[in-house]
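J.: pasted the sequence and its predicted model underneath.
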Protein chains: 2
Amino acid sequence: MIIDCHGHYTTAPGELQKFRDAQIAGLKDPAQTPSRESLTISDDQIRDSLEKAQLKLQRERGTDLTIFSPRASAMAHHIGSELTSLEWSRVCNDLIERVCGLYPDNFVGVCQLPQSPGVPPANSAVELERCVRDLGFIGCNLNPDPSGGHWTSPPLTDRHWYPLYEKMVELDVPAMVHVSSSCNPNFHATGAHYLNADTTAFMQFLTSDLFKDFPTLRFIIPHGGGAVPFHWGRYRGLAQDLKRPPLEEMMKNNVFFDTCVYHQPGIDLLLKVVPLDNVLFGSEMVGAVRGIDPRSGHYYDDTKRYIEGSSLSADDKRKIFEGNARRVFPRLAKVA
Amino acid sequence: MIIDCHGHYTTAPGELQKFRDAQIAGLKDPAQTPSRESLTISDDQIRDSLEKAQLKLQRERGTDLTIFSPRASAMAHHIGSELTSLEWSRVCNDLIERVCGLYPDNFVGVCQLPQSPGVPPANSAVELERCVRDLGFIGCNLNPDPSGGHWTSPPLTDRHWYPLYEKMVELDVPAMVHVSSSCNPNFHATGAHYLNADTTAFMQFLTSDLFKDFPTLRFIIPHGGGAVPFHWGRYRGLAQDLKRPPLEEMMKNNVFFDTCVYHQPGIDLLLKVVPLDNVLFGSEMVGAVRGIDPRSGHYYDDTKRYIEGSSLSADDKRKIFEGNARRVFPRLAKVA
């Protein structure tokens, strides 16, 4: 079985964006604020949005199950208030539940959290619990920078985040550390902000004792861990200079990278330096990069090919394709 | 000849830091503000600070000339006002000139700029010109985020920066894109902020026509280009999706990476994907990572070993060790 740990519903029917546009318009003119009930998307629309995109690519590429969450760049926690984010998160998460209901063999849900700048992460615990207990979701996406590129929250290792971590531990669900769009013109979302957040989170974990406080807390750092594998020697050296544990020990049961790295040499490096128990197959499909690489004739984000093209043993490939995901997402066992 | 394009004076005599401490104390209590003349460092102190560090390592590793600038993490443009930065930059740059005067075969200068948050980059042109014309420097370090981790300046591709670029072009000197310490607790300086800035700058260049406006403007993105080589496929795909020129074409005469990547697999990846004409030997010695890798028995930052250990031809190695640096720093010809 091949489990893709990183997929977003980037192809949702246009009605969803219309709802969001109205919601944003409502921030200035409350009369335009839409009700959740006003959003009507039919099952056929959902089927159509997936059949020609994610499902088609699953079939073509030979992957089985996608751990599926709302479109990351659209979370935009910096827009509006906590209530804006809560409404938007509920709408997006409910839609993911419908996807998973229509295609239970192909998708399992991960939720967006109703984060908002300056609002305690504890306030996201209710929506997390609803998604896990009521909707059958198996994890969440946690935005380390709800301000969208201004980085005004404390580091992920600060006690600020602990109440949410307590709920994650109680529910036994991991979080993917995933920022959203950037309202800081310095940062292109998928070309800078995403990777910077990955790199930033890793260094926060490296310099803290967070996992002493939460031994079962688990984070997936997407996009192959940002800059980290390329600079593995730098991080090993920094850990050594700072008298911190070796990277392998820090990551062991708590920090995982996905394989959203879109070329063979990058994947080869990832698999060479990062412990194989800490790598989960992911493609971010349909996502940041949608084209076909003219050099290979295949989609850049067809990361399954790169893993297959690596020199790993069949056992190691199975870990990355399935085994590790089952360890990080124990609630998968209930659905697949 | 082996030219290391990335060295900082991280081992300056303690008097320099005392001056800075007094300068910072003076921001609250002007009576403590030191005069530039009050800073006295003898030639012997300078010799001692280098003989047991950079010079010793140059000899041990077999490198010849280091392109040398003030300690990057100490630039701290976010502290105090424009005047604070100007004083501090002059003091630091003058000290680099003394280093180069004492060891003209071993060091050539690159300057720190007196940037300050909200202050036009044009104001840095005077100090740049002084350093190049009067002190014989061959380049500068440009901080894309003088706010120290809050990223309040416009992107490097904004016209905000153009007056400084005009001076760089006039003087025919490149800039290394180099942030300083971070006052944002999210970002560890050498473990996150530096690499994030590298990644950010590359994506800014990728999405703009800056080099149409300045065909001879040259930037070195340090630390191997941040996350870029590891995500080379992502960037190729993004350029394609965004209908931008191929990466090789964008970088050609304008964007260069150094080799400050502290392990063999990272260097191998860098040299495999990035055009070899765009890679300059650098070690950041003595810098971010100071330890010895117990796996190899050598310093993590002894990057010369990794390049020598790569499969490049002798001609290609010469480009990286010397030829490319001479192309990027034409003023080198006057001194070495």
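T.: The structure has been received and is ready for your questions. Residues are numbered from 1 along each chain as shown, chains lettered A, B, ... in the order given.
J.: is there a neighbour count for the closest residue to chain B within the stretch 101-250 of chain A? I'd like the number.
T.: Closest to chain B within the stretch 101-250 of chain A is A:Gly233: 2.9 Å, counting by CB to the nearest CB. For the C-beta atoms, the positions are set from N, CA and C on the backbone; glycine is no exception. By other CB atoms under 10 Å in any protein chain shown, the residues close to A:Gly233 number 24.
J.: what residues are up against it?
T.: Residues in contact with A:Gly233 (CB atoms under 8 Å, 6 or more residues apart in numbering or on different chains) are B:Val261, B:Tyr262, B:His263, B:Gly266, B:Val289, B:Asp293, B:Tyr300.
J.: cool, and A:Trp232?
T.: A:Leu247, A:Val273, A:Val274, B:His263, B:Pro265, B:Gly266.
J.: which of these fall in helices?
T.: The helices, defined by DSSP state H, take in A:Leu247, A:Val273, B:Pro265, B:Gly266 from those.
J.: before we move on, the earlier item: please pick the buried ones from the contacts of A:Gly233.
T.: Using 16 or more other CB atoms under 10 Å in any protein chain shown as the burial test, the contacts of A:Gly233 include B:Val261, B:Tyr262, B:His263, B:Gly266, B:Val289, B:Asp293, B:Tyr300 as buried.
J.: would you convert the residues you listed into JSON lines that also reports pLDDT and distance to chain A?
T.: As requested, the buried ones among the contacts of A:Gly233 are exported to JSON lines (pLDDT from 0 to 100; distance: CB to the nearest CB, whole Å):
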{"residue": "B:Val261", "pLDDT": "98", "distance to chain A": "6"}
{"residue": "B:Tyr262", "pLDDT": "98", "distance to chain A": "3"}
{"residue": "B:His263", "pLDDT": "98", "distance to chain A": "3"}
{"residue": "B:Gly266", "pLDDT": "98", "distance to chain A": "5"}
{"residue": "B:Val289", "pLDDT": "95", "distance to chain A": "3"}
{"residue": "B:Asp293", "pLDDT": "97", "distance to chain A": "7"}
{"residue": "B:Tyr300", "pLDDT": "98", "distance to chain A": "4"}
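J.: what residues does the stretch 51-200 of chain A have near chain B?
T.: A:144-145, A:149-151, A:153-155, A:158, A:184-188, A:190-192, A:195-196, A:199-200 (CB under 8 Å from any CB of the partner chain).
J.: mind redoing it with 10 Å?
T.: A:144-145, A:149-158, A:182, A:184-200 (CB under 10 Å from any CB of the partner chain).
J.: mind giving me the ChimeraX select for those, buried ones only?
T.: Buried residues within these, by 16+ other CB under 10 Å, are selected in ChimeraX with:
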select /A:144,145,149,150,151,153,155,156,157,182,184,186,187,188,189,190,191,192,193,194,195,196,197,198,199,200
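J.: go through the residues of the stretch 51-200 of chain A next to chain B and flag which are in helices.
T.: Those of these lying in helices (DSSP H): A:Tyr194, A:Leu195, A:Asn196, A:Ala197, A:Asp198, A:Thr199, A:Thr200.
J.: dump the residue contacts of the second one.
T.: Think A:Leu195. A:179, A:187-188, A:222-228, B:195-196, B:199-200, B:203, B:226-228, B:230-231, B:234 (CB atoms under 10 Å, 6 or more residues apart in numbering or on different chains).
J.: could you do the third one as well?
T.: The neighbourhood of A:Asn196, defined by CB under 10 Å, 6+ apart, consists of A:145, A:149, A:151, A:179, A:182, A:186-187, A:226-227, B:151, B:186-187, B:192-193, B:195-200, B:203, B:226-227.
J.: if we go to 6 Å?
T.: B:Asn196, B:Thr199 (CB atoms under 6 Å, 6 or more residues apart in numbering or on different chains).
J.: A:Ala227 now?
T.: A:Thr199, B:Leu195, B:Gly226, B:Ala227.
J.: can you tell me how far A:Lys334 sits from chain B?
T.: 34 Å (CB to the nearest CB, to the nearest Å).
J.: how about A:His78?
T.: Relative to chain B, and taking CB to the nearest CB, A:His78 is found at 14 Å.
J.: for A:Thr66, same thing?
T.: Counting by CB to the nearest CB - A:Thr66 and chain B are separated by 19 Å.
J.: which residues touch the helix or strand that contains that residue?
T.: Assigned by DSSP states H and E, A:Thr66 belongs to strand A:65-70. Applying CB under 6 Å, 6+ apart, the contact partners of strand A:65-70 are A:3-5, A:7-9, A:92, A:96, A:107-108, A:110, A:112, A:141, A:336.
J.: please pick the buried ones from those residues.
T.: Here, 16+ other CB under 10 Å leaves A:3-5, A:7-9, A:92, A:96, A:107-108, A:110, A:112, A:141, A:336 buried among the contacts of strand A:65-70.
J.: what is the lowest-pLDDT residue among the residues you listed?
T.: In terms of pLDDT, A:Ala336 ranks lowest among the buried ones among the contacts of strand A:65-70, with 79.
J.: what about that residue, which SS state?
T.: Here A:Ala336 takes the coil state, with states given by DSSP: H, G, I helix; E, B strand; the rest coil.
J.: find the nearest non-adjacent residue to it, please.
T.: For A:Ala336, ignoring the flanking residues on the chain, the nearest one in space by CB to CB, 6 or more residues apart in numbering or on different chains is A:Leu65 at 5.5 Å.
J.: same thing with A:Arg133?
T.: The nearest residue in space to A:Arg133 (CB to CB, 6+ apart) is A:Leu171, at 7.6 Å.
J.: how about A:His6?
T.: Leaving aside its sequence neighbours, A:His6 sits nearest to A:Gly282 (CB to CB, 6+ apart; 3.3 Å).
J.: run a quick neighbour tally on that neighbour.
T.: Here the count is done by other CB under 10 Å, and A:Gly282 has 29 residues near it.
J.: give the helix, strand or coil label for it.
T.: coil.
J.: for it, give me its contacts.
T.: Taking CB under 6 Å, 6+ apart as the test, what A:Gly282 contacts is A:Asp4, A:Cys5, A:His6, A:Asp258, A:Thr259, A:Cys260.
J.: so what touches the helix or strand encompassing the third one?
T.: Remark: A:His6 resides in strand A:3-9, with elements defined by DSSP H and E. Counting by CB under 6 Å, 6+ apart, the neighbours of strand A:3-9 from elsewhere in the structure are A:63, A:65-72, A:222, A:258, A:260, A:280, A:282-284, A:287, A:322, A:325.
J.: what about the nearest residue to A:Arg290 once chain neighbours are set aside, how many residues nearby?
T.: Distances taken as CB to CB, 6+ apart place B:Asp241 nearest to A:Arg290, at 5.9 Å, with adjacent residues excluded. For B:Asp241, the neighbour count with other CB under 10 Å is 14.
J.: okay, B:Asp241 and A:Gly291: tell me how far apart.
T.: Distance, B:Asp241 to A:Gly291, using CB to CB, to the nearest Å: 5 Å.
J.: report all helices and strands that the longest helix anywhere in chain A contacts.
T.: If you go by DSSP H, chain A has its longest helix at helix A:82-102. Applying 3 or more CB pairs under 6 Å, 6 or more residues apart in numbering or on different chains; DSSP states H and E, we find helix A:82-102 packed against strand A:107-109, strand A:111-112.
J.: what are the pairing partners of the shortest one, and which direction each?
T.: To tie it back to what came earlier, the one meant is strand A:111-112. Strand pairing for strand A:111-112, using DSSP bridges, gives strand A:140-142 (parallel).
J.: break down the stretch 201-336 of chain A into its strands, ranges please.
T.: A:219-221, A:255-258, A:279-280, A:292-293, A:298-299 (DSSP state E, counting those that start in this stretch).
J.: quick one: closest of those strands to chain B.
T.: Across those, closest to chain B is strand A:292-293 (CB to the nearest CB), at 6.9 Å.
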